[in-house]
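Asker: Here you go, sequence then predicted model.
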Amino acid sequence: MNADRLKEEILDKLPDIKVGILGDFCLDRYFDIDPGIEEISLETGRPSHQVVRVRCFPGGAGTVTNNLHALGVGRLFAIGPIGEDGEAYTLTGCLDAMGVDQSCLAAHPDYLTPSYNKPLKTFPGKEPEEQDRLDIRSRGPLIPELEEQILRSVERVFTELDGLIVMDQFEERNEHAVTDRVRGKVERLAREFPDKVVFGDSRARIGEFRKTIIKPNEREAAQAQGLSQPPESLAETRQGGLKLSARCGRPAYVTLGERGILLCNSVDGSATHVPGFKVPPPLDICGAGDSTTAGIVSALCTGASLVEAGLLGCLVASITVQQIGVTGTASPEQVLQRYREYQDAGYRIEAIP
């Protein structure tokens, strides 16, 4: 790949593609606290932290959606459960501002829209100081009506899409968007339409995806193989990645943090290391994996090779981690500039024997 191909045959084609995002759409809320005006509560005698700004962004599956939008993907379809609450109102407003099709979002009054509430103490001339986070989400089995709506929505919209991203956000089985039945539906559709880009990301069940390109990190890949710790060498990671690729029947992108990605493809037994672009601190790695997903899938949908897509994922992530205290994104212009920096720095994409 060169800069001309990246621009003209990948980035410039993104407005023409359609991507569905199936998963748990969450609300990320950042509460900026000014410690200089902290008060003591008259009722409790405890500190009363003064919030001077609230910033809201789509989180979870919404983070991937936000990154796809920033890259310039033309049509985005949100598929998943939400509540009928204030968090849903704010979340859908954020998605609406990006032009996301929300006809496949299933709402229910007894479901809590997941929300990550992140207090940050702010200081002049310094990085913000993160405080304890407050998480909101439903507990217990997913409401059957929501599951049925999700199954129907996936079936209805799948043929329209160039790619489908499945984001299995939470570790509890069958409590949120990607239930066993939903994952089974995706597998059946992927088998029926083998030319579609179907991409899975899961914190706890990546080894259960079939006919789906998968993207575990090192820990998730090790867990899927019953290992307590990730391997130390790329050669050992290659062995495990190829096993996962063979199990799911599609390539596996094993993410390695700042070291980049190891692309494992059991079809030809190959493993390719795509180095990450090293950036100086301060860094905020929250959402880095989601931005990697957005880069990979958007590239694959334009016809990029597996390796080219992995490189785009690394480039996007290297940009988003430099954005502190916010859900980071990368524009096509930023990606193109980072690619030139990547080339100038002499990074080498290499096969791992």
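Answerer: Received the coordinates, thanks. Numbers count the residues shown, from 1 in each chain.
Asker: contacts, neighbours, all on C-alpha from now
Answerer: Will do.
Asker: quick one: stretch 67-81 to chain centroid distance?
Answerer: Using Cα atoms, centre = their mean, to the nearest Å, the mean C-alpha position of stretch 67-81 is found 11 Å from that of the whole chain.
Asker: Also stretch 154-163?
Answerer: Stretch 154-163 sits 19 Å away from the centroid of its parent chain (Cα atoms, centre = their mean).
Asker: Next: stretch 68-83.
Answerer: Computed by Cα atoms, centre = their mean, the separation of stretch 68-83 from the middle of its chain amounts to 11 Å.
Asker: just use 38 as the starting number from now, easier for me
Answerer: I'll keep to 38 as the first residue from here, and by that count the last item is stretch 105-120.
Asker: mind checking the end-to-end distance for that stretch?
Answerer: 24 Å (Cα to Cα, to the nearest Å).
Asker: got the buried residues for that stretch?
Answerer: In terms of neighbour count (16 or more other Cα atoms under 10 Å), stretch 105-120 has its buried residues at 105-120.
Asker: what does stretch 46-53 give?
Answerer: For stretch 46-53, the neighbour count (16+ other Cα under 10 Å) marks 47, 48, 49, 50, 51 as buried.
Asker: I'd like those residues laid out as JSON lines, including secondary structure, pLDDT and distance to residue 72.
Answerer: Formatted as JSON lines, the buried residues of stretch 46-53 follow (DSSP: H, G, I helix; E, B strand; the rest coil; pLDDT from 0 to 100; distance: Cα to Cα, whole Å):
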{"residue": "47", "secondary structure": "helix", "pLDDT": "98", "distance to residue 72": "46"}
{"residue": "48", "secondary structure": "helix", "pLDDT": "98", "distance to residue 72": "43"}
{"residue": "49", "secondary structure": "helix", "pLDDT": "98", "distance to residue 72": "45"}
{"residue": "50", "secondary structure": "helix", "pLDDT": "98", "distance to residue 72": "47"}
{"residue": "51", "secondary structure": "helix", "pLDDT": "98", "distance to residue 72": "43"}
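Asker: Please convert these to CSV, extending it with distance to residue 316.
Answerer: Shown next, in CSV, are the buried residues of stretch 46-53 (distance: Cα to Cα, whole Å):
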residue, distance to residue 316
47, 24
48, 23
49, 26
50, 28
51, 26
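Asker: Out of those residues, which comes closest to residue 321?
Answerer: Nearest to residue 321 among the buried residues of stretch 46-53: residue 48, at 25.1 Å, using Cα to Cα.
Asker: Can you report how many residues lie near the closest residue to that closest one other than its chain neighbours?
Answerer: Ranked by Cα to Cα, 6 or more residues apart in numbering and with sequence neighbours excluded, the top spatial neighbour of residue 48 is residue 369, at 6.3 Å. By other Cα atoms under 10 Å, the residues close to residue 369 number 18.
Asker: ditto for residue 75
Answerer: Counted with other Cα under 10 Å, residue 75 comes out at 13.
Asker: Kindly provide the distance from it to residue 86.
Answerer: Taking Cα to Cα, one finds residue 75 at 5 Å from residue 86.
Asker: What's the first helix or strand after the helix or strand hosting residue 281?
Answerer: Assessed by DSSP states H and E, residue 281 sits inside helix 271-285. Next along the chain after helix 271-285, taking DSSP H and E as the criterion, comes strand 289-292.
Asker: Show me which residues of the following helix or strand past that next one are buried.
Answerer: For strand 289-292, the following helix or strand on the C-terminal side (DSSP H and E) is strand 298-302. Neighbour counts over strand 298-302 (16+ other Cα under 10 Å) mark 298, 299, 300, 301, 302 as buried.
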